[in-house]
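> this one's sequence-less:
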């Protein structure tokens, strides 16, 4: 019994020791992580490339759903999926046996109407002559004239019906409207199809498209649409073909916003240039639309720039440990970096976040300037940005524009010989 009590006590002490060690270890690691986080940054030269990214589906510029205009049965279907068809070549034809029979009947009706017209014309001319000589009454003359007019109308009606029938016969052969490729063909030979004039818009026999002209349909966030314009170049990568890089231009920007996947934006159409034969409809394309770029410019982290009303400034750490509040003029910005157009020099050290005892660390000149202000302000990275903001582009007037889908490309640059 005593043996089991001793074993239980040993296990309990070991568990308590392990818990104490784990708890203290977590505290130490948390403290180490906090102390390892950088609080300063060195001003240096970097390249900033700011672009909007999006994804879209590749598709043909011209795609047609081929449906017959009249009811019938497929008699000839010479094309299949993937076939390339020249303009005015036959895509399919319908059985026209019934229409041909009806055409023969219409021709017979026309021949009979023609004979009836000739007889009525003879009677009319004879009655007209006898009426002139006052050998027949007015009533008989009028009846002959009426019979003649009715015969003419009957012939014209039969000829009109024949023309309509011949028009239907031309619709039994469906020709390619342009040079195209067959994308789908859901019907087979001998299948009955309905015409597009019916209540169900007709049976789709096939879909064709011109694969020589391809476009990309995408959805651009409303926060970014004002930065785009027609004819703007787009860099394109195709997911299905690794390493493929294409170019395109913005062709259309929708004037009306739509909601897709819970995000309000605008439909955008991009035309592909220098099309590769490996690109096919339905593939996914990743788009990068350059908006702004600044090469070999002086930069600091975005979080190092603070704002106070309309003024933007940084906290420069002096060699003696004091801080200098320095107004700056900013330019292009992305997720992480912002261009400094004036106010800083290469090699200076700036604070990424303000210290707790700011008043005690400011230089005398900075304290005088601080006394004229209203407070510390907020980091630039939090100004006017929504929760999805990714980057900002700064024009000459220092007005910040937000972007919800922008992507940065930051590359180190060599300092210029003279700035």
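Done, it's in. The structure displayed is predicted, hence computed values, not measured ones.

> Can you give me the neighbour number for residue 341?
17 (other CB atoms under 10 Å). C-beta: built from backbone N, CA, C; applies to glycine.

> Check for me that it belongs to a strand.
Yes. With DSSP: H, G, I helix; E, B strand; the rest coil as the criterion, residue 341 is part of a strand.

> isn't it right up against residue 332?
No. The pair residue 341 and residue 332 does not pass the contact test of CB atoms under 8 Å, sitting 9.5 Å apart.

> What residue spans form the domains of the chain?
For the chain, automatic domain parsing gives the domain ranges 40-50+293-412, 54-58+213-292, 74-94+172-204, 97-170.

> possible to save the ones you listed as TSV with distance to residue 67 and mean pLDDT?
TSV is the format used below for the domains of the chain (distance: least, CB to CB, whole Å; pLDDT from 0 to 100):
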stretch	distance to residue 67	mean pLDDT
domain 40-50+293-412	39	69
domain 54-58+213-292	20	92
domain 74-94+172-204	4	91
domain 97-170	15	90
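
> so which of those comes closest to residue 65?
domain 74-94+172-204 (5.3 Å; CB to CB).

> Tell me the span between the first and last residue of that closest one.
The straight-line separation of the ends of domain 74-94+172-204 (CA to CA, to the nearest Å) is 12 Å.

> Find the nearest non-adjacent residue to residue 342, please.
In this structure, residue 342 finds its nearest non-sequential neighbour in residue 329, 4.4 Å apart by CB to CB, 6 or more residues apart in numbering.

> Could you measure from the one you found over to residue 298?
Distance, residue 329 to residue 298, using CB to CB, to the nearest Å: 11 Å.

> Go through stretch 292-310 and flag the buried ones.
For stretch 292-310, a neighbour-count test (16 or more other CB atoms under 10 Å) marks 292, 294, 296-308 as buried.

> Which pair in those residues has the greatest spatial separation?
Within the buried residues of stretch 292-310, 296 and 308 form the most distant pair, 29.5 Å apart (CB to CB).

> quick one on the thing from earlier: restricted to helices, list the buried residues of stretch 292-310.
With helices taken from DSSP state H, there is no overlap with the buried residues of stretch 292-310.

> just these now: which is nearest residue 113?
Scanning these for proximity to residue 113, where the rule is CB to CB, the winner is residue 292, at 78.4 Å.

> What segments of the chain are helices?
2-36, 97-132, 138-170, 358-361, 364-372.

> Which strands and helices lie in contact with the second one?
Spelled out, it's helix 97-132. Where contact means 3 or more CB pairs under 8 Å, 6 or more residues apart in numbering; DSSP states H and E, helix 97-132 is packed against helix 138-170.

> can you pull the buried residues of the helix it packs on?
Going by 16+ other CB under 10 Å, helix 138-170 has these buried residues: 141, 144-145, 147-148, 151, 154-155, 158, 161-162, 165, 168-169.

> the inter-axis angle of it versus helix 97-132?
160 degrees (axes from the mean of the first three to the mean of the last three CA atoms, to 10 degrees).

> wait, what's in contact with the residue nearest the centre of the chain?
For the chain, residue 218 is the residue whose C-alpha lies nearest the centre (CA atoms, centre = their mean; 1.4 Å). Residues in contact with residue 218 (CB atoms under 8 Å, 6 or more residues apart in numbering) are 54, 55, 56, 57, 267, 268, 270, 285, 287.

> repeat that with 6 Å
54, 56, 268 (CB atoms under 6 Å, 6 or more residues apart in numbering).

> Residue 81 too?
Under the criterion of CB under 6 Å, 6+ apart, the neighbours of residue 81 are 182, 185.

> hmm, 8 Å instead?
182, 183, 184, 185.

> Go through those and say which is closest to residue 313.
Comparing the contacts of residue 81 against residue 313 with CB to CB picks out residue 183 as the nearest, at 59.8 Å.

> Any figure for the gap between that closest one and residue 60?
Separation of residue 183 from residue 60 (CB to CB): 8 Å.

> Report the set of residues contacting both of the two.
Taking CB under 8 Å, 6+ apart as the contact rule, residue 183 and residue 60 both touch 209, 281.

> Let me know whether residue 113 touches residue 158 as I believe.
Yes. Residue 113 is within contact range of residue 158, at 4.9 Å (criterion: CB under 8 Å).

> what do the two both touch?
Counting by CB under 8 Å, 6+ apart, residue 113 and residue 158 have no contacts in common.

> picking up where we left off before, what pairs with the residue nearest to the centre of the chain across the strands?
Beta bridges link residue 218 to residue 56, residue 268, judged by DSSP bridges.

> ditto for residue 65
When assigned by DSSP bridges, residue 65 has beta-bridge partners residue 207.

> Now for residue 278: which residues touch it?
Taking CB under 8 Å, 6+ apart, we find residue 278 in contact with 238, 241, 244.

> Look up the closest residue to the last one, ignoring the ones flanking it.
In space, not counting the residues next to it along the chain, residue 244 is nearest to residue 238; the distance is 4.8 Å by CB to CB, 6+ apart.

> Look up how far residue 161 lies from that neighbour.
Distance, residue 238 to residue 161, using CB to CB: 56 Å.

> go on, residue 195?
Residue 195 is 19 Å from residue 161, where distance means CB to CB.

> and what of residue 38?
As for residue 38, its distance to residue 161 is 89 Å (criterion: CB to CB).

> can you list contacts of stretch 186-199?
Residues outside stretch 186-199 that contact it (CB under 8 Å, 6+ apart): 67-77, 94, 200, 202-206.

> Only the buried members of those residues: can you turn that into a ChimeraX selection?
Buried residues among these (16+ other CB under 10 Å), as a ChimeraX selection:
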select :67,68,69,70,72,74,77,94,202,203,204,205,206
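
> Any buried residues in stretch 262-270, and which?
265, 266, 267, 268, 269, 270.

> isn't the second one right next to residue 252, touching?
Yep, that's residue 266 we're talking about. No. Taking contacts as CB under 8 Å, residue 266 lies outside contact range of residue 252: 10.0 Å.
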